[in-house]
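Peer 1: need a structure here:
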Amino acid sequence: MKSKAGYKKQLKRRPVQITRYAVQAVFLLFLLYVGLTFYQFYMHFETLGKTPFVERPSAVEGFLPISALVALKVWLTSGEFDQIHPAGLVLFAFFVGAGIIFRKSFCSWICPVGTASEWTAWLGKKFFKRNFEIPTWLVWLLTPLKYLLLLFFINMIISMPIYSAKAFLNDPYNKISDVKMLLFFLNISGFALKFIIVIFILSLFFKNFWCRFLCPYGAMIGLGSIFRITKIRRNEDTCTNCEMCTKVCPQRLKVHKVKTVNSLNCTACLSCVEACPIKDTLNMTVVNKKVNKWFVPVGFLALYILIVGIAKIIGHWETIISYNEWKQLIPDANYVGH
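Peer 2: Numbering: from 1, shown residues only. Reported below is the predicted structural model:
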């Protein structure tokens, strides 16, 4: 067990990482609360009113990326903002758009899957005394998978006629897509359970396996890094090649070998910056200007809170689906298809 002085030393040496872990834990607890509240909301209608009514948490729409992608298409092409799952569109548009400046901060700071992946890797390291490396040739083979998945979904949405997209948004299936998602986990199939177990085992051995190779959502957010507005620069003159930056990188990037970290996988977690023992050898830069290491996380979280607040004020957060419509749709959720 670490002493109180040991924790203070860690906090002083790695304040951003300690804060990041705390933010991850808070968001995970918040999402567990959202999940429990949504389950209570669902049960009220499933039991035909025998359990108390609980307001549906709009934040659950953050787990509906396909619906949000269709809604984004409709919004960009017709100017019509989705009123069925407006919070889902707000969150999706923000996370993808924020990637241009803040890279994949969503993945390293508030994504529950990213948090679970990191904690699983930590658990694996405790069991096996280390996290294992995937051979470079295999990394090259696996890396395109998430982009192929992303391309599949984007191509499906782009090829969808605008009238079909609008019809999808108002379809009963989409209206209760959050309920369908809940039912998927409540009645999880053998194949899905086996898949989750396999990903969990792989994540024990290989850090952030899902995030690095299979997550299309993270791949889409990472596309903002193409503009290279925000990146980490390494001062080659002061670098001692101790490789501490590479050792702590959750995405297993070879930070010590590059002058600037331009990889689309960089989540701006700043682990490498705080691990570097030589001052000003690794720095976060925005438009090639050095910025304080707190700029990206504070900017991302502050803008997130601002955007959600504005969405609530202007009426782009709560669904227009009425109580009576929920009452009709939810009891038949198992039979609603698309």
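
Peer 1: how many other residues sit next to the residue nearest to Glu55 when sequence neighbours are not counted?
Peer 2: The spatial neighbour of Glu55 that comes closest, neighbours along the chain excluded (C-beta to C-beta, 6 or more residues apart in numbering), is Phe41 at 7.0 Å. Yep, even glycine has a C-beta here, placed from its N, CA and C like the rest. The number of residues packed near Phe41 is 22, by other C-beta atoms under 10 Å.

Peer 1: Phe41 touches Arg56, doesn't it?
Peer 2: Yes - using C-beta atoms under 8 Å, Phe41 makes contact with Arg56 at a distance of 4.6 Å.

Peer 1: please name every helix or strand in contact with the helix or strand harbouring Trp326.
Peer 2: With elements taken from DSSP states H and E, the one containing Trp326 is helix 323-329. Secondary-structure packing of helix 323-329 (3 or more C-beta pairs under 8 Å, 6 or more residues apart in numbering; DSSP states H and E): helix 172-175.

Peer 1: could you give the mean pLDDT of the helix it packs on?
Peer 2: Here helix 172-175 scores 96 as its mean pLDDT.

Peer 1: quick one: the residue nearest the centre of the chain and Ile321, what's the gap?
Peer 2: Centroid-nearest residue in the chain: Cys111, 3.6 Å away (criterion: C-alpha atoms, centre = their mean). With distances taken as C-beta to C-beta, to the nearest Å, Cys111 is found 27 Å from Ile321.

Peer 1: can you give me the helices for the stretch 151-300 of the chain?
Peer 2: In chain order, the stretch 151-300 of the chain shows helices spanning 162-169, 172-175, 177-186, 190-205, 209-213, 216-222, 244-248, 271-275, 295-313, with DSSP state H, counting those that start in this stretch as the criterion.

Peer 1: show the contacting residues for the residue nearest to Glu55.
Peer 2: Applying C-beta atoms under 8 Å, 6 or more residues apart in numbering to Phe41 gives the contacts Phe53, Val54, Glu55, Arg56, Pro57.

Peer 1: if you rank those by neighbours, which is first?
Peer 2: Neighbour counts for the contacts of Phe41 peak at Arg56, which has 23 neighbours (criterion: other C-beta under 10 Å).

Peer 1: you'd agree that one is up against Tyr39?
Peer 2: No - contact between Arg56 and Tyr39 fails when scored by C-beta under 8 Å: they sit 10.8 Å apart.

Peer 1: show me whatever sits in contact with both of these two.
Peer 2: Both Arg56 and Tyr39 lack any common contact, where contact means C-beta under 8 Å, 6+ apart.

Peer 1: returning to what we had before: check for me that the residue nearest to Glu55 belongs to a strand.
Peer 2: No - residue assignment for Phe41, taken from DSSP: H, G, I helix; E, B strand; the rest coil, gives helix, which places it outside any strand.

Peer 1: the chain should start at 37 in everything you say after this.
Peer 2: Noted, 37 is the first residue going forward, which turns the last one into Phe77.

Peer 1: tell me how far it lies from Lys165.
Peer 2: When distances are taken as C-beta to C-beta, Phe77 and Lys165 turn out to be 44 Å apart.

Peer 1: give me the number of residues near the closest residue to Ile262 other than its chain neighbours?
Peer 2: Spatial nearest neighbour of Ile262, excluding adjacent residues (C-beta to C-beta, 6+ apart): Leu300 at 7.1 Å. When neighbours are defined as other C-beta under 10 Å, Leu300 has 18 of them.

Peer 1: could you do Val175 as well?
Peer 2: There are 14 residues near Val175, going by other C-beta under 10 Å.

Peer 1: where does it land in three-state SS?
Peer 2: Here Val175 is recorded as helix under three-state DSSP.

Peer 1: could you check how far it is from Cys285?
Peer 2: Computed with C-beta to C-beta, the distance linking Val175 and Cys285 is 13 Å.

Peer 1: now Lys326
Peer 2: Taking C-beta to C-beta as the criterion, Lys326 is separated from Cys285 by 20 Å.

Peer 1: more neighbours: which of those two?
Peer 2: Taking Lys326 and Cys285 together and counting by other C-beta under 10 Å, Cys285 has the greater number of neighbours (23 against 12).

Peer 1: the more buried one contacts Leu306, correct?
Peer 2: No - taking contact to mean C-beta under 8 Å, the distance of 10.5 Å between Cys285 and Leu306 leaves them out of contact.
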